[in-house]
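# predicted model and sequence follow; I will ask about them next.
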Amino acid sequence: MLHLILGGCGTGKSTILMDAVREAVAAGKKAAVLVPEQFSFENEKKLHQALGTQTFNRVETYSFMTLSDVILLQAQSARAGSYASEQEKLIYLWQSAQECAERNELVFLGKRAASAEFLADLTELVTKLRKAGVSGEQLIETSEHLQERLACKVGDLGRLLLAYDRILRERGRNDDLVNLTEAAMLASQNAFFEERCFFIDEFDSFTADQYRMLQEMIARCPSVTCTLRADDPAKRPTGIFVGGNKTGMELTRIARELSVKVETTYLREFRRSIHPDLKAPVDQIFRRHAGMTPWEGHLRVMRAADPEEEVSFICSQICALLTSGEGIRCRDIAVAVKNPAVYLPRLKRAMKRYDLPFDTTEKRPLLYTDLVRHVLTILELIAGRQWNTELLLLLLLGHRARGLGEAVLYRRGCRHPEGL
């Protein structure tokens with residue numbers, strides 16, 4: 001069965017997924033969670049917090065990359081382990097381009113084969129072809145049915161890809177970009193998916209090779225549960241979450257072709273905050289429907305031309321709050337930003353311009369802590385063959401000075417440390 005959990009941001013999709021994982025483990029089933037590679041660590045932390053240590057230890061967590069590796073290892077595939085590095089791939093692609101050019105096999109791309117720009121473009125193109133599951137043979141076969149100019153380009157790419165694959169085989173190396181395609185083929189020959197219930201979270205879309213793996217998963221797993229940011233499936237596939245809408249429709253199509261039952265749950269209520277003023281913007285922005293959450297006015301949404309205008313508006317509102325006569329003080333006010341690298345420098349300048357006291361929660365590197373700086377200063381003094389007055393001042397005044405610049409200020413009028 002395929003269970004799609006659809007809804008907007010903050011509607012509780014992941015929470016429902018975690019509950020389903022907990023129920024599967026409690027029922028004695030093997031539960032596996034599939035998330036994007038970049039979210040695997042964060043997802044494991046979230047799973048541990050939601051499920052507890054005992055249940056978490058019984059749950060398998062995969063990305064598509066790790067999933068393909070496990071299937072290849074279980075099938076004892078010859079591909080497991082011997083992968084070409086990114087540098088090796090670049091060299092092999094260059095070799096394949098030179099060999100094809102020397103044999104005059106490149107009709108359209110021969111003149112570009114020696115350029116660095118062509119190698120960069122070829123690397124990107126091969127990556128896309130691998131993810132789409134397209135082989136060199138398929139490209140050459142397709143070129144026979146195309147018009148002359150396009151046929152030359154496609155045929156050249158096919159011959160380059162065949163030469164690249166041959167060089168990889170001769171070197172005894174494999175391209176990890178085709179692992180997912182081979183793993184999907186091997187998964188159809190063993191019981192890996194038949195033993196597990198899969199739960200998919202944090203995806204908006206999938207590549208062609210990922211869809212092939214999902215097809216085997218949907219066909220063989222007892223149940224597959226997938227969360228997607230999507231609009232109401234009863235409406236047209238346009239709206240805010242176009243990508244999620246299309247992905248949901250594609251997964252539904254795959255399941256129906258496989259005669260697998262599809263169950264859809266659409267979540268309408270915003271659950272990330274119970275305060276109506278926070279629910280209102282999510283409910284109303286880009287939407288117009290009956291029964292919208294009332295907006296009481298405690299939350300204001302502003303459109304600014306640039307970050308400078310944003311921080312100026314923030315500081316002006318802080319000044320208005322401080323002079324409102326309601327007893328609000330600076331320590332009662334917090335400013336949250338999404339991109340500190342962009343906004344914090346601007347906020348600091350604006351706060352000084354408006355004469356507002358402030359403190360930031362910026363994380364300081366360990367090297368800049370007082371203890372580490374003190375130890376490093378001692379080591380520099382020991383390692384030096386001659387006394388360094390600046391370092392000695394920094395060591396002696398370390399409890400007051402925050403750097404060499406401030407230590408030098410204490411040195412004014414003093415030529416030797418003994419004069420302090």
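That came through, no problem.
# okay, domains of this protein per the record?
Per automatic domain parsing, the structural domains of the chain span 2-75+181-267, 86-173, 307-353, 366-419.
# could you dump those to TSV with distance to T360, mean neighbour count and mean pLDDT?
The C-beta positions use only the backbone N, C-alpha and C, and glycine is treated the same way. Converted to TSV, the domains of the chain look like this (distance: least, C-beta to C-beta, whole Å; neighbours: other C-beta atoms under 10 Å; pLDDT from 0 to 100):
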stretch	distance to T360	mean neighbour count	mean pLDDT
domain 2-75+181-267	24	18	90
domain 86-173	38	16	89
domain 307-353	6	13	91
domain 366-419	14	12	61
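# redo those as CSV? Include distance to R300.
CSV is the format used below for the domains of the chain (distance: least, C-beta to C-beta, whole Å):
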stretch, distance to R300
domain 2-75+181-267, 20
domain 86-173, 44
domain 307-353, 8
domain 366-419, 37
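# out of these, the one nearest L278 is which?
For these, the distance to L278 is smallest for domain 2-75+181-267, at 9.1 Å, taking C-beta to C-beta.
# centre of the chain to the closest one, how far?
17 Å (C-alpha atoms, centre = their mean, to the nearest Å).
# same thing with stretch 345-354?
Chain-centre distance of stretch 345-354: 32 Å, with C-alpha atoms, centre = their mean.
# kindly report the same for stretch 304-311.
For stretch 304-311, the distance to the chain centre is 27 Å (C-alpha atoms, centre = their mean).
# cool, and stretch 110-126?
Mean C-alpha position of stretch 110-126 versus that of the full chain (C-alpha atoms, centre = their mean) differs by 28 Å.
# CA atoms only for that stretch, dumped as CSV, please.
This file holds the C-alpha atoms of stretch 110-126, laid out as CSV (Å, rounded to 0.1, in the frame of the first residue of the first chain):
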residue,chain,number,x,y,z
GLY,A,110,35.7,17.3,-32.0
LYS,A,111,36.9,20.9,-32.0
ARG,A,112,35.9,21.4,-28.4
ALA,A,113,37.4,18.2,-27.1
ALA,A,114,40.7,19.8,-25.9
SER,A,115,39.1,22.8,-24.0
ALA,A,116,38.7,23.0,-20.3
GLU,A,117,35.2,24.5,-20.6
PHE,A,118,34.1,21.4,-22.6
LEU,A,119,35.4,19.1,-19.9
ALA,A,120,33.4,20.9,-17.3
ASP,A,121,30.3,20.8,-19.4
LEU,A,122,30.8,17.2,-20.2
THR,A,123,31.2,16.3,-16.5
GLU,A,124,27.9,18.0,-15.7
LEU,A,125,26.1,16.4,-18.6
VAL,A,126,27.4,12.9,-17.8
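# so which of the domains of the chain comes closest to H298?
If we rank the domains of the chain by C-beta to C-beta, the stretch that ends up nearest is domain 307-353, at 12.9 Å.
# now the terminal residues of that closest one, how far apart.
Distance between the boundary residues of domain 307-353 (C-alpha to C-alpha, to the nearest Å) amounts to 16 Å.
# ok now it, how far from the chain's centre?
30 Å.
# now A114: how far from E44?
46 Å (C-beta to C-beta, to the nearest Å).
# wait, A336
For A336 relative to E44 (C-beta to C-beta), the value is 26 Å.
# same check, this time on G158
41 Å.
# kindly report the same for N339.
26 Å.
# and N245, by the same measure?
For N245, the distance to E44 - C-beta to C-beta - is 29 Å.
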